[in-house]
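# sequence unknown, structure follows:
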C-alpha cells in the first residue's frame, strides 16, 4: 500500500510475491500435519488455496482501485488466512 513516505509496490508485483509466499507456505504444510491437528490443517490448506486463487485472479484482472478500495480487496484476500491463528494456538498448546 502506498503511504505518504513511499510510493508502494505495484499491485501486480506485490500479488506475485504474495502468491510465492503462499506456495512456500504450502510446501511447509506437511511438517505439522498430525491426527491432532488434522481439522485445523485442512482449514489452513483450504485457506491457502483460496488465497492463492484470489490473488491470481486479482493480479490478472488488475483493477483500478482507490486507496480504500485496495484496502478492502487486500483485506478480503488475506482474511481466509486467519485460520492460521487457531492452528498456531493448537500447536503451541500441545507442545
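Sure thing, it's come through. Since we're looking at a predicted model, the values are computed, not measured.
# and the residue nearest the centre of the chain, what helix or strand is that in?
In the chain, the centroid-proximal residue (Cα atoms, centre = their mean) is residue 78; its distance is 4.5 Å. Take DSSP states H and E as the rule and residue 78 turns out to sit in helix 67-78.
# How far does that helix sit from its chain's centre?
The chain centre lies 12 Å from the centre of helix 67-78; the measure is Cα atoms, centre = their mean, to the nearest Å.
# Give me the contacts around whichever helix or strand comes after it.
Using DSSP H and E, the helix or strand that directly follows helix 67-78 along the chain is helix 83-93. With Cβ atoms under 8 Å, 6 or more residues apart in numbering as the test, helix 83-93 has contacts from 32, 36-37, 40-41, 43-44, 47. Bear in mind the C-beta positions are built from the backbone N, C-alpha and C, glycine included.
# out of these, what pair is the most spread apart?
Spatial extent of these (Cβ to Cβ) is set by the pair 36 and 47 at 19.0 Å.
# So between those two, which is more surrounded?
Neighbour totals were compared for residue 36 and residue 47, and residue 47 leads with 20 against 10 (other Cβ atoms under 10 Å).
# what's the spacing between that one and residue 64?
28 Å (Cβ to Cβ, to the nearest Å).
# How about residue 18?
Remark: distance between residue 18 and residue 64 (Cβ to Cβ) = 19 Å.
# Ok, residue 76 next?
17 Å.
# How far does stretch 27-38 stretch from one end to the other?
End-to-end distance for stretch 27-38, by Cα to Cα, to the nearest Å: 16 Å.
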